[in-house]
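Asker: Mind folding the following:
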Amino acid sequence: MGRNLKVVVREKDVCWEYCEKLEGNKVRCKFCNKVLNGGISRLKFHLSRLPSKGVHPCSKVRDEVTDRVKAIIAMKEEGKEAASAKKQRLAEVKSPHVLIPSTKMLIPVEASPPLVKLFPPTTSRPQSSFDAERFVAEFFFENKLDFSVAHSSSYQLMLEAFGGLEFKGPSPEALRTTWLQKLKSEITLQMKEIEKDWVSTGCTVIADTWTDNKSRAIMNFYVSSPLGTFFHKSVDASTYFKNTKCLCDLFDSVIQDFGPENVVQVITNNALNYDSVGNHIMQNYGTIYWSQCASNCLNQILEDFSKVDWVNRCILQAQNITRFIYNHGWVVELMRKFTAGQEIVRTGITKSTSSFLSLQSMLKHRSRLKHMFNSPEYSSSPYANRPHSLSSIDILEDNEFWGAVEEIAAVSEPLLKVLRDVSGGKPAVGSIYESMTKVKDSIRTYYIMDEVKCKTFLDIVDRRWQHQLHSRLHAAAAYLNPSIQYNPEVKFLGIIKEDFLHVVDKLLVQPELRHDITTQIYVFKKAQGMFGSNLAREARNTTSPGMWWEQYGDSAPGLQRVAVRILSQVCSAATFERNWSSIQQMHSEKRNRLDKETLSDLLYVHYNLKLRAKQKNAEVDPIVLDEIDMTSDWVEEAENPNPAQWLDRFSSALDGGDLNTRQFNTSIFSSNDHIFGL
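Answerer: Numbers count the residues shown, from 1 in each chain. The predicted structure follows:
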């Protein structure tokens, strides 16, 4: 009777649904088919991936199952802790003092400081000391902290303050070996899991390149798809970046890493002349397109805008004001008082972006800046009568200047919007064509009475669009985007239809999917079958184009395959973290092979953790940096730079400078400049 009751109680455990009961006390995991001795308890640790009782973590269990099992284990641990606490309270009633072993002193219980756990036991926070160690390790890797920090007494005191006296953080050696390999393996497994989706969505290979004035070129490779973006590797191509054959071989090897059948496009910036390499890729691989980074091209349009005489003059005048403010500490604090703590200078992902964002910011704070300079507090200060101050006041009172600022803000805002759309890491191939059309329409509308200015800006946009940004893939994506195709105000030009048919012919290589493709195109255009359902109609403008085709494209299976693969791609490389100090170290000739392999692993973990954090934080403006660049023309006095700003200046240099002309200066790195303590 007792045995039967025990079996019934065991069978009620929800974790039994994840395993098959075998003879004796053995169970078989339904995810990886591994047989475990010890019954349901060991299965829980197997599925939760918690290192306990010598149980190997399951490599195939789904994340939601892992979280659920961790929560079950945590609840059980809470129960044990509650029972233990109850026993201790009973003991305390008998004895009002507790012996502290480390001090051998008797102190009153009420005077004993409470021990605070690292995190409360919830499913979104660590469930064990192992989880807590993981977060500490990820903190080190994500921020490139020197592992020797873990030797410091303050490090351990900090962990004890949050995790209790029993919690010991990972040692430098554990970080360098155990945790490095564990996180690397987990990231690789995540990537392998995402690869399964590439069969339907395809992926984009991104090559981000830096060059310097010493013929040095380093390339970072990423792979992106709707489920995530991953850093792949970094390559020093300095010895052969002008050799077309060697570059072609390099790109061939990267494409082979991901499978040519999975790669839809390769995106590059134009730091190097890739035309011949692009031709090689498109000829060698019948289903792969070669594209330039949209963010890079849009930045060059903004840069060309800033070179227009009257625009450049306006920017210089505005910089005259901001440099005066930011190079005098008292004036900066007064400015922040009038702007409610907001900065008037905004640093973007490129020099040109920073200029147009800062002009918009100054326009927003126009009245506040005037009030500041006219306030009794400023007028009575020693700064009020300085020549630089007087010239700044003259500019602020110049209506012609503010008229130019308003005009520049109006013309640049549509481009900045497109830059935000393509730089956020989301699939944007389906919208870039329409977005650029709207940019041109906004310029025409704004300058409807000024043909000269209208032509000036339209010519800049057209030149960059035709020679860099436009591609057949963008045209085909626009044609397949339901929000554009079914918009009665849109009429496709013949050239777009030609580009669309070319892409379909190139990507649809399976004969069984081609035989009725004309009918499928007709069904899509006329919104017949599932395309015409109420749900499909309602989702045209609310669902991402790739997802829309995946859900409602079954009436045209061949076209559906092409549409999902095209519309699932990004069109920019501007979402990725750049850190030259790390990259330069890895490629240093002074490092032995072991050092380079370790640092390569560190970079792999570091970059992917940064990408994961960035992809989770969708609220952040992708074209604005958190900190002001203290070396920019908007802040730094060229004649007398402030030596107190060296740290900011160093940080900016590490990030590689302007997106379009990224360069690094090896002189800023000393021989003792190391990361991770290597």
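
Asker: For the stretch 501-650 of the chain, give me the ranges with low pLDDT.
Answerer: In the prediction, the stretch 501-650 of the chain carries residues with pLDDT under 70 at positions 574-594, 637-650.

Asker: in the protein, which spans are strands?
Answerer: Taking DSSP state E as the criterion, the chain contains strands spanning 19-21, 26-29, 35-37, 97-100, 105-108, 203-211, 217-225, 228-236, 263-268, 289-292.

Asker: To Pro387, which of those lies closest?
Answerer: The minimum distance between Pro387 and the strands of the chain falls on strand 203-211, with 40.5 Å, by C-beta to C-beta. For every residue, glycine as well, the C-beta is placed using N, CA and C.

Asker: which helices and strands does the closest one pack with?
Answerer: For strand 203-211, the helices and strands in contact under the criterion 3 or more C-beta pairs under 8 Å, 6 or more residues apart in numbering; DSSP states H and E are strand 217-225, helix 244-258, strand 263-268.

Asker: Same list (the strands of the chain) but as TSV, adding mean neighbour count.
Answerer: Below are these laid out as TSV (neighbours: other C-beta atoms under 10 Å):
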stretch	mean neighbour count
strand 19-21	16
strand 26-29	18
strand 35-37	14
strand 97-100	12
strand 105-108	10
strand 203-211	24
strand 217-225	22
strand 228-236	19
strand 263-268	23
strand 289-292	24
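
Asker: any chance of the ones you listed in CSV, with mean pLDDT too?
Answerer: What follows is those, written out as CSV (pLDDT from 0 to 100):
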stretch, mean pLDDT
strand 19-21, 86
strand 26-29, 87
strand 35-37, 82
strand 97-100, 30
strand 105-108, 28
strand 203-211, 89
strand 217-225, 91
strand 228-236, 91
strand 263-268, 94
strand 289-292, 92
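
Asker: Same list (the ones you listed) but as a markdown table, adding distance to Val405.
Answerer: Listed next are the strands of the chain as a markdown table, based on distance: least, C-beta to C-beta, whole Å:
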| stretch | distance to Val405 |
| --- | --- |
| strand 19-21 | 67 |
| strand 26-29 | 65 |
| strand 35-37 | 69 |
| strand 97-100 | 67 |
| strand 105-108 | 67 |
| strand 203-211 | 33 |
| strand 217-225 | 37 |
| strand 228-236 | 36 |
| strand 263-268 | 34 |
| strand 289-292 | 31 |
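
Asker: Would you mind saying which of those lies nearest Asp63?
Answerer: Proximity to Asp63 (C-beta to C-beta) singles out strand 228-236 among the strands of the chain, at 12.9 Å.

Asker: partners of that closest one in the sheet?
Answerer: Strands adjacent to strand 228-236 in the sheet, as given by DSSP bridges, are strand 217-225 (antiparallel).

Asker: got the CA positions of the partner strand in CSV?
Answerer: Once non-C-alpha atoms are left out, strand 217-225 reads as follows in CSV (Å, rounded to 0.1, in the frame of the first residue of the first chain):
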residue,chain,number,x,y,z
ALA,A,217,43.1,46.0,-43.0
ILE,A,218,41.2,43.9,-40.5
MET,A,219,37.8,42.3,-41.3
ASN,A,220,35.1,41.2,-38.8
PHE,A,221,32.6,38.7,-40.1
TYR,A,222,29.1,38.4,-38.7
VAL,A,223,26.0,36.3,-39.7
SER,A,224,22.5,37.7,-39.3
SER,A,225,19.0,36.2,-39.6
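
Asker: could you give the angle of it to helix 244-258?
Answerer: Interaxial angle of strand 217-225 relative to helix 244-258 (axes from the mean of the first three to the mean of the last three C-alpha atoms, to 10 degrees): 30 degrees.

Asker: Residue numbering should commence at 784 henceforth.
Answerer: Happy to do that; since the first residue is 784 now, the last one works out to strand 1000-1008.

Asker: picking up where we left off before, Glu956 is nearest to which of the strands of the chain?
Answerer: Evaluated over the strands of the chain, closeness to Glu956 peaks at strand 1011-1019, with 25.1 Å, by C-beta to C-beta.
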